[in-house]
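Undergrad: Pasting the sequence and the predicted model now:
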Amino acid sequence: MALPLEGIRVADFSWIINGPQIAQWLATMGAEVIKIESQVYIDIGRINPAGMADRTPGPNRNGFYHALNYGKKAITLNLATDKGRELADDIIRKSDFVLECFPIPAANKLGITYDRIRAVKPDIIMISVSLLGKTGLEPAGWVGWGPMACSFVGMFDAQGYPGGPPRQTGGTWPDYAIASAVTFHVLAALRHRNRTGEGQWIDASMGETVIGQMPEWYMDYFMNGRDRRQRGNRDDVMAPHNTYPCAGDDKWIAIAVRTNSEWEALCRVMGDPDWTRDPKFADQYSRLRHSDELDAHLARWTRKYEHIALAHQLQQAGVAAGPVLDSVELHEDPHLWEWGFFRKIDHHEVGERILPNMPVHMSNLPELNYSMPPDLGQHNREIFGGLLGLSDAEIKILMEQKIIY
Amino acid sequence: MANRALDDLVVVEFAQMVSGPMCGKMFADMGAEVIKLEPVGAGDEMRAHPPFPGDIPHPEKSGSFLYLNTSKKSITLDPSTPAGAEVFRKLIVGADVLIENHQPGHLDRIGLGYEALNALNPRLILTSITPFGQTGPYRDWKGTDLIEFAMSLTGYNTPTMIDDPERENPLRAPGHQAEMMGATAAAAATMFAIFHREATGLGQWIDAPCWQAVASTSKIEMAALTYAGVPFSRMRGNVATGLEPLPCKDGYVYTLWAADSHYKALKTLLHNPPDFESEVFDLLVGRQANDDVLRPMIRHELLKYDTEYLVSEGQRLGLTIGPVFTVAQAANHPHLRARNAFVEIDHPVAGRFEYPRSLVQMTATPPTSTRAPLLGEHNAEILGRLGYSLDEQQGMRAAGVI
C-alpha cells in the first residue's frame, strides 16, 4: 500500500522553519521533496548553534535541521548562476509543487515568481509563504521571519501580561503554527488540479493565518470597536483558569475549571478549606469576577506540591490540570512515548538521537516516510543524474564550476 | 462559484467550541457541504462565548461562533437517543468525513464508534480531535486550550525572555492556539486521507491531539536538549530562541540579528555606535555567546529612534525589522486592507460585520465564507433529504430528538 502523495514531486526552495515544516507534511505523506540548498546560502537550521550535536559544528549534525527535514532529499544548486537557475527549471518542469519563502527582491532576482514559474510549467501549484503576503503595499516587500508577522497583526501585543509591554509567544510562533493550515490548502489545490488540470498560486501570509487563528480578538474589534489587548491567562468563561506555582524551581501547574462539579472536585482535593465557602466563589460567574483573589488562594495551596504529581491527582478527581513541562520533562513524559510522539534515530554522524514525529496517527496508512534527514547535497547524483539525466562527467564539471554547490 | 476544490465532499461535524469547528470551517470555506450537529436546546457551547455585539449575550451573535462556523449548515440532534442515532447513521452513510472532538470513548459509548461507523460506510474518514489522543496514559484526562498549551514546551517558553520567574508565570497564547494547532493538523491529515481513499476506496480513523500538535512547535528547543545537550531555559539569555519585541522611541519594534548580514545592517541603521565594533559580534556564535552584552547595547540604541525610521530605513538596509501593532492598529492597516484580509458578512440576527477572510490566499480556488447558520436552520432540509416526512420531523421535535 502506498502513501497518499506517492508520485507527487516538490521542488522545495524554502528554508529554516515555515516552508520546511510544510514540506515535511508532504514528504512524510509520500511526496518526493527535493530540497534545493546551496553552500552559498546555507539553511540556518544546519548551522544554528542551538541544535548542534554535542555543540560541534557541521552541516549534517544539527537537530534544528534534522527535526524539520526528515523524509526529504537534499541537493545543492547555486541559484546565483544562470546554469543553476536553468537546472532548477528542469526540476520544476518535472514537479507538481514549487515551495518558496523568498522575500520579493530575492524571488525576483532568482526568477522564483509565479508568472515565470507558470511559463515553465503551466499547471504548477506554487506555494509562497511570506511574512505578510506577496501583494499589497510596502510590507509585502519586507524581509523578516515568522515572529515579525505576529508582531504586525497584534498577537505579541496580546501576549503581554495585563498592562505590560508586548511579549513574544514561544516556539518562534507562527513559523510552525501556520504549516498545517497551509498544507490543507495545498492539498485542496492538488485535488483541484487533478480534477481540472488547473494549477494555481497559493500566497500564504503568515500574518493573515495568525489573524484567522485569533478570532476572539478580531471579532471583538469588528463587533465592538474594542481592542482586547492583554488578557494574561484569563478566560472569557472559566475560573480558576491560570498557571500556578508549585514546589521547586520555576515549576508550574495549569488548572482550568469550567463547571460547578469541577469546582467542587477541586475543593475536595484541597481539603475544603474555609475560603472556598466564601460566597464570592459560589458560582462560575462570581468566581470569574473574583479571579485575582481566587488565584492568590490557589497559588498558596499549589506551592506545596510537585507539579506533575499534583496534575495527576487533580485529573483523577476530574479537574482539568496539567504540569508546565520543561524540555527534560517533555522528553521523559510517559504519555508522549506511549502515544508515539518521539522516535529514536541512529544517524551516521551524530549517533542515537530523539526527534518528534508528525502529530497525527492515521489508522489505515503504511508507516509514514521518516527517512533520515539528508546530508547537505546527499541526493545530488540521484537527482541530477537520475531525474535530469546528466552524466557523471557533466555532474563533475558542474561541481567544479560551483554550480552544483 | 464554479471553482470549488472540495465541492463534492460531504462533511458531518459533531463537535463544539474551537478545534472541531475550526477544522469543519476549513472544509466548508473550500466548498464542502459541512453539516454541523448541535445539541438540542442551547446548541454549540461556543454560542454562549463572547464577544457579542454590545456585550449582550445571544446564541446567534457570538463573534467566535460566527467566525468558526462560516459556510456550514446546522441541524440540532441528540444522537444518544435511538431516533437521533438513526439520523446520525443515515448521515454517515452519505458522508465522506466525520469530524468530532469528544472525549475518547464517547462515540463508542453511544454506539457510534469507529468500527460501527466503518461498517456503515467503509469510505468514511473519521477525524477525532482531542486534547491528548486516543491512546496513552492521559487519554482520559480533561484538557482545555490552557492545559494543552501549558504542557507543550511552547507553553513553558511563553512569553519568551523571562527576567523574574516568580512574577512572570507561563501564559497561554492569545485565544485558543493549541486547539487551532489540533484543528489545522487534523484538517491536513484529513486531506491526506481523502487522497488515500481516492486511490484505495478506503477510509480511516485519524487521531489528532491538540497537545502533540502544539508541542510540535518547539523543535529548536527540543533539539537544544537532544542534540546540544542543553536543557532549554525560558530565562533571558537562552541562545536557542530568545527573542522579544524591543522598545524604541515611540513604541516597539521586532527585529533579530541572527544572520551576519542582518547584524551588519542593524549596525548601519544605528549609525555604527563605537561599542559595536568588537569582532566577537561579527559571527552568530559570538553574538549568541555574548548576548548579555550585545542585547542591552542594542536596546539602548533603539530608544533613540522612532518606529517609522527604524522600520523603513532598516528594511531598506535589508534588516529583518517590523512594527509591533495592537489588533486595532493591524485591523486598519492599509496593507491588510489592500490585500482584502477582511471580508464583510451579513447575518440576519447578528448583523453585518467584518471577519478575518481566509487563512491563505489562492488564485484559482480561494477559500470563501458565507454566514454561519442559525441554530437548527437546516433541520427540515437535511431531514427531508434523509427521507423523514414532515410529520416524522414534528414528532422528533416534540420528543427533543431535534
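TA: That came through fine. Numbering: from 1, shown residues only, chains lettered A, B, ... in the order given.
Undergrad: Near chain A, which residues of the stretch 1-150 of chain B? Just list them.
TA: B:3, B:5-6, B:26, B:30, B:48-55, B:63-64, B:66-68, B:114, B:132-138, B:141-144, B:146-150 (C-beta under 8 Å from any C-beta of the partner chain). Where you see a C-beta, it was placed from the backbone N, CA and C, and this is true even at glycine.
Undergrad: Quick one: classify residue A:321 as helix, strand or coil.
TA: strand (DSSP: H, G, I helix; E, B strand; the rest coil).
Undergrad: residues contacting it?
TA: By C-beta atoms under 8 Å, 6 or more residues apart in numbering or on different chains, residue A:321 lies in contact with A:253, A:254, A:255, A:256, A:310, A:311, A:314, A:315, B:142, B:147.
Undergrad: Could you find the closest non-adjacent residue to it?
TA: residue A:314 (3.8 Å; C-beta to C-beta, 6 or more residues apart in numbering or on different chains).
Undergrad: Local confidence estimate at the one you found?
TA: For residue A:314, the model assigns a pLDDT of 98.
Undergrad: In which helix or strand does it reside?
TA: Residue A:314 belongs to helix A:307-316 when assigned by DSSP states H and E.
Undergrad: residues in contact with that helix?
TA: A:246-248, A:251-253, A:255, A:266, A:269, A:302, A:305, A:320-324, A:329, B:138, B:141-142.
Undergrad: For the most far-flung residue of chain A relative to its centre, give its distance to chain B.
TA: Distance from the centre of chain A peaks at residue A:274, with 45.5 Å (C-alpha atoms, centre = their mean). Taking C-beta to the nearest C-beta, to the nearest Å as the measure, residue A:274 falls 25 Å from chain B.
Undergrad: which ones are touching residue B:402?
TA: Contacts of residue B:402 (C-beta under 8 Å, 6+ apart): B:40, B:75, B:76, B:77, B:78, B:84, B:87, B:376, B:379, B:383, B:393, B:396.
Undergrad: Most neighbours out of these, which is it?
TA: residue B:77 (27 neighbours; other C-beta atoms under 10 Å in any protein chain shown).
Undergrad: Look at that residue and report its pLDDT.
TA: 96.
Undergrad: Pretty sure it sits against residue B:40.
TA: Yes. Using C-beta atoms under 8 Å, residue B:77 and residue B:40 qualify as a contacting pair, with a distance of 7.0 Å.
Undergrad: Could you tell me which residues touch both of those two?
TA: Common neighbours of residue B:77 and residue B:40 (criterion: C-beta under 8 Å, 6+ apart): B:401, B:402.
Undergrad: which non-adjacent residue is nearest residue 15?
TA: In the absence of a named chain, this looks at chain A. Closest residue to residue A:15 apart from its sequence neighbours, by C-beta to C-beta, 6+ apart: residue A:43 at 4.4 Å.
Undergrad: wait, I meant chain B there
TA: Per C-beta to C-beta, 6+ apart, closest to residue B:15 is residue B:101, 4.3 Å.
Undergrad: Likewise for residue B:40?
TA: Closest to residue B:40 by C-beta to C-beta, 6+ apart is residue B:76, at 4.7 Å.
Undergrad: for stretch B:256-274, the distance to its chain's centre please.
TA: Put simply, stretch B:256-274 sits 35 Å off its chain's centre (C-alpha atoms, centre = their mean, to the nearest Å).
Undergrad: swap that for stretch A:269-281, sorry
TA: When C-alpha coordinates are averaged (C-alpha atoms, centre = their mean), stretch A:269-281 and its chain have centres 41 Å apart.
Undergrad: For chain B, which residues score under the pLDDT cut-off?
TA: B:1-3, B:238-242 (pLDDT under 70).
Undergrad: ranges for the strands of it?
TA: In chain B, the strands defined using DSSP state E lie at B:10-14, B:33-38, B:73-76, B:97-100, B:125-130, B:204-209, B:246-247, B:252-255, B:321-323, B:342-347, B:351-356, B:361-362.
Undergrad: what helices or strands is the last one leaning on?
TA: Going back to what we said before, that points to strand B:361-362. strand A:200-205 (3 or more C-beta pairs under 8 Å, 6 or more residues apart in numbering or on different chains; DSSP states H and E).
Undergrad: Mind listing residues that contact the strand it packs on?
TA: Strand A:200-205 has contacts (C-beta under 8 Å, 6+ apart) with A:114, A:118, A:125-135, A:149, A:178, A:182, A:185-186, A:189, A:192-193, B:339, B:341, B:359-365.
Undergrad: quick one: the residue nearest to residue A:202 when sequence neighbours are not counted from residue B:361, how far?
TA: Nearest residue to residue A:202, sequence neighbours excluded (C-beta to C-beta, 6+ apart): residue A:127, at 4.7 Å. Remark: distance between residue A:127 and residue B:361 (C-beta to C-beta, to the nearest Å) = 11 Å.
Undergrad: which of these two has more neighbours?
TA: Using other C-beta under 10 Å, the more surrounded residue of residue A:127 and residue B:361 is residue A:127, with 29 against 22.
Undergrad: Verify the assumption that that one is located in a helix.
TA: No. Per three-state DSSP, residue A:127 lies outside any helix segment and is strand.
Undergrad: wait, it sits on residue A:97?
TA: Yes. Applying C-beta under 8 Å, one finds residue A:127 in contact with residue A:97, separated by 6.2 Å.
Undergrad: thinking again about what came up before, spell out for me the PyMOL command that would select the buried members of the contacts of strand A:200-205.
TA: Buried residues among the contacts of strand A:200-205 (16 or more other C-beta atoms under 10 Å in any protein chain shown), as a PyMOL selection:
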select buried, (chain A and resi 114+118+125+126+127+128+129+130+131+132+133+134+149+178+182+185+186+189+192+193) or (chain B and resi 339+341+359+360+361+362+363+364+365)
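Undergrad: Which helix or strand contains residue A:74?
TA: Assigned by DSSP H and E, residue A:74 falls in strand A:73-76.
Undergrad: which helices and strands sit right next to that strand?
TA: Using 3+ C-beta pairs under 8 Å, 6+ apart: strand A:73-76 touches strand A:32-37.
Undergrad: Recalculate using a threshold of 10 Å.
TA: The contact analysis (3 or more C-beta pairs under 10 Å, 6 or more residues apart in numbering or on different chains; DSSP states H and E) places strand A:73-76 against strand A:9-12, strand A:32-37, helix A:82-93, helix A:380.
Undergrad: and the ones you listed as JSON lines, adding mean neighbour count, mean pLDDT and distance to chain B?
TA: Shown next, in JSON lines, are those (neighbours: other C-beta atoms under 10 Å in any protein chain shown; pLDDT from 0 to 100; distance: least, C-beta to the nearest C-beta, whole Å):
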{"stretch": "strand A:9-12", "mean neighbour count": "26", "mean pLDDT": "98", "distance to chain B": "14"}
{"stretch": "strand A:32-37", "mean neighbour count": "26", "mean pLDDT": "98", "distance to chain B": "14"}
{"stretch": "helix A:82-93", "mean neighbour count": "18", "mean pLDDT": "98", "distance to chain B": "18"}
{"stretch": "helix A:380", "mean neighbour count": "20", "mean pLDDT": "98", "distance to chain B": "25"}
